[in-house]
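Peer 1: Just to be clear, the model below is a prediction. Sequence and coordinates:
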Amino acid sequence: MEYLCKLIDEDIEMNPFETLGISQPIVKALEGLGFQKPTPIQEEAIPYLLEENSDFVGLAQTGTGKTAAFGLPVIEHVDRTLHRPQALILSPTRELANQIATDLENFSKYVQLNVVAVYGGASINDQVRKIRKGAHIIVAAPGRLKDLINRGAVDISTVKKVVLDEADEMLNMGFKEDIDFILDNTPVEKNTWLFSATMPREVRQISKNYMTDPHELTVGKENSANTNIAHEYYLIKNSDRYAALKRVIDFYPEIFGVIFCRTKNQTQEVAENLIRDGYNADALHGDLTQALRDKVMKRYKEKSLQLLVATDVAARGIDVDNVTHVINYNLPDMAANYTHRSGRTARAGKQGVSIALVTIREQRENIGKLERIIQQKFTKKQLPNAEEVCQKQLMHTISKVQEVEVKDEIKPYLPAVEEALNDLTKEQLIERFASLEFNRFLDYYENATDLNVTSGKSRDRNNPNATRFFINVGRKDELNIRDFVDLVSSVTSLPGKTISEIELKDSFSFFEVPNENAGGLEKLFEGFYHNNREVQVEVANNKSGGGRDRKGGNRNRRYGNNGGNRNGGYDRRRNDSPRGGYNRGGGGDRPRRERRRRS
Ligand code: AMP
């Protein structure tokens, strides 16, 4: 009986990874890493991969814990007394290869296991030396491994397990031939485990060519994105893209994000602009040296860098906890990349937001397509206006005050401070103190324009049977739609229902009337005054309204369409940037924020 109780007790206390078949020293390491219970893919894949001697296809998003799902069984299958490669893991990028190798080393902290990562951009001789010391597991980017095989520096004829991680990405990146070559150099008697977020035809083909009757496991829906991610988009003009990016960042003072661009040049440019404008940002792309990329990643992982601006390829395999936002500066060329991008946030069961900045055309061409791929809806959001940003920043400052640590070292200075502020009441103190930070954003956003683009109307405005007019009155003239129709109707004697597609702006507006009523309409307004102002009406050349040129001047210009240049804001930002407070302060939760400037 006593024995039975002990058994039951032991059973109750058994670590969930142990129940899946993971050995004690590895379980101990997992506990140290804070892995309390397996993720769904681990729960399903680990027992299968430990027990069955078969090929395997796992369909899972990044961030679902798939490294441990294949990594733990790989470790368990290694015979550590044999000093030769027994498992090979292929990954699309050096960053991911490094990440996987580090994960495996962490999992095997309490056993003697030799994991070697090989990838381009690092010393090949060092890698050869490490392999020759007796690598049990090789984690490789395909290009470098092919090189090593060709040089006769590595022998993979003894591997028993081959893992193809992010197979879809490896194919996207053109590694098909390298993979074929590598797999041809592995023994026939082995198991191949393929992991992919999506299952395009090419990946199916690989599984057909190289695998025998693989067991297939899908975690979540095939091709679907992590449901902890909220997908949002903002409708913008292409020329406002950078201003919109800054607006979003300013609205989320606590953001810890990755900004995705399409090209290396654009990545560099956006990062440089953000740095110039006082944001704590840096670039990650393939034109940087490996050393520089490692340095940037290290800073980002340590959270001393707040915004990482990256290309798709460079960001693959970024596994950083607590990324709050992924921002698609523009959408990726290949829809599948969107899943990889958004998967940088909401990792390990956390919540995250994936934001896309899109023009009307991009919305029309891409959003529906992406919704079908991720099987989730996007929410269309409005870019915040100046007041909303200022309020958010103010409350952020206030919460920093609530949380700031008061150090003993300040005590000697307090009497003098108290004396200097003696004459101020508590209310005045609060007012002035709050203004200190608030004014900075208020000044900067003083003339901030509405960056939102209204969707749908452009379609209606292509009506060939109507003529669109510009008129120099708007909301500032205390007009709502009804007053506006009354005004136009009273001057033109047209029935209200013929006046359509009204777009009321602050100090000007647009409207349409049927072509048959349009002839000479503008002349009817000659000499007409509203609010003591002469009303002017002209045919709008550009049916979309907003970009219309009038008397040589673009109306938008007076509102400014580039957040960076408003009111000389660019220069002000350099010297008195609203971000200055954030970066300089060093308060909040991130210990080593830096104020970066371009040298
Ligand atoms: P992966 O999909 O393998 O890149 O894992 C995503 C993140 O989840 C990584 O930061 C892992 O360390 C973490 N992770 C994986 N499995 C677990 C687990 N069972 N418990 C807690 N965190 C996990």
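Peer 2: Received, thanks. Since the model is a prediction, treat every value here as computed from it, not as a measurement.
Peer 1: give me the residue from the stretch 101-250 of the chain nearest the ligand.
Peer 2: Here the stretch 101-250 of the chain gets closest to the ligand at one residue, Asp103, 6.7 Å apart by Cβ to the nearest ligand atom. To be clear about C-beta, it is placed using only N, CA and C from the backbone, and glycine gets the same treatment.
Peer 1: pretty sure that residue contacts Lys66?
Peer 2: No - using Cβ atoms under 8 Å as the test, Asp103 is too far from Lys66 to be in contact (10.5 Å).
Peer 1: Please identify the helix or strand for the residue found closest to Lys380 once you drop the neighbours it is linked to in the chain.
Peer 2: Using Cβ to Cβ, 6 or more residues apart in numbering and skipping residues adjacent in sequence, the residue nearest Lys380 is Tyr233, 6.0 Å away. Tyr233 is part of strand 229-235 when elements are defined by DSSP states H and E.
Peer 1: Residues of the stretch 1-150 of the chain that sit close to the ligand?
Peer 2: Residues of the stretch 1-150 of the chain lying close to the ligand (Cβ under 6 Å from any ligand atom) are 35, 38-39, 42, 62-68.
Peer 1: Relative to Tyr444, which of these is nearest.
Peer 2: Closest approach between those and Tyr444, by Cβ to Cβ: Gly63, at 35.6 Å.
Peer 1: show me the contacts for the nearest residue to the closest one once chain neighbours are set aside.
Peer 2: Leaving aside its sequence neighbours, Gly63 sits nearest to Arg347 (Cβ to Cβ, 6+ apart; 3.9 Å). Residues near Arg347 by Cβ atoms under 8 Å, 6 or more residues apart in numbering: 62-63, 319-321, 323.
Peer 1: one step back: more neighbours: which of Asp103 and Lys66?
Peer 2: Just comparing Asp103 and Lys66: by other Cβ atoms under 10 Å the higher neighbour count belongs to Lys66, 24 against 18.
Peer 1: For Thr379, grab the count of nearby residues.
Peer 2: By other Cβ under 10 Å, 10 other residues sit near Thr379.
Peer 1: Which residue, other than its chain neighbours, is closest to it?
Peer 2: Nearest residue to Thr379, sequence neighbours excluded (Cβ to Cβ, 6+ apart): Glu232, at 5.0 Å.
Peer 1: part of a strand, is Asn337?
Peer 2: No - assessed with DSSP: H, G, I helix; E, B strand; the rest coil, Asn337 is helix; it does not lie in a strand.
Peer 1: Now do the contacts for Glu419.
Peer 2: Listed by Cβ under 8 Å, 6+ apart, Glu419 has no contact partners.
Peer 1: now the strands: where do they sit in the stretch 151-300 of the chain?
Peer 2: Counting by DSSP state E, counting those that start in this stretch, the stretch 151-300 of the chain has strands at residues 161-164, 191-196, 215-218, 229-235, 257-260, 281-284.
Peer 1: for the record, mean pLDDT for the last one?
Peer 2: Model confidence over strand 281-284 averages 95 on the pLDDT scale.
Peer 1: from the chain's centre, how far out does it sit?
Peer 2: Put simply, strand 281-284 sits 13 Å off its chain's centre (Cα atoms, centre = their mean, to the nearest Å).
Peer 1: What pairs with it, parallel or antiparallel?
Peer 2: strand 307-310 (parallel) (DSSP bridges).
Peer 1: Ok, the third one next?
Peer 2: When pairing is defined by DSSP bridges, strand 215-218 lines up against strand 56-59 (parallel).
Peer 1: where in the stretch 101-250 of the chain is pLDDT low?
Peer 2: Where the stretch 101-250 of the chain drops to pLDDT under 70, the residues are 220-226.
Peer 1: can you give me the helices in it?
Peer 2: Here the stretch 101-250 of the chain has its helices, by DSSP state H, counting those that start in this stretch, at 124-132, 142-150, 167-172, 176-184, 201-210, 241-251.
Peer 1: And those helices: which comes nearest Ala315?
Peer 2: The closest of the helices of the stretch 101-250 of the chain to Ala315 is helix 167-172. By Cβ to Cβ, the value is 11.2 Å.
Peer 1: ok, the residue nearest to Thr379 - contacts?
Peer 2: So Glu232 contacts 353-356, 378-381 (Cβ under 8 Å, 6+ apart).
Peer 1: Closest to the ligand out of those residues?
Peer 2: Of all the contacts of Glu232, the ligand sits closest to Ser354, with 16.2 Å by Cβ to the nearest ligand atom.
Peer 1: What about the closest one, how many residues nearby?
Peer 2: Neighbours of Ser354 under the rule other Cβ under 10 Å: 29.
Peer 1: quick check, it in a strand?
Peer 2: Yes - counting by three-state DSSP, Ser354 is found in a strand.
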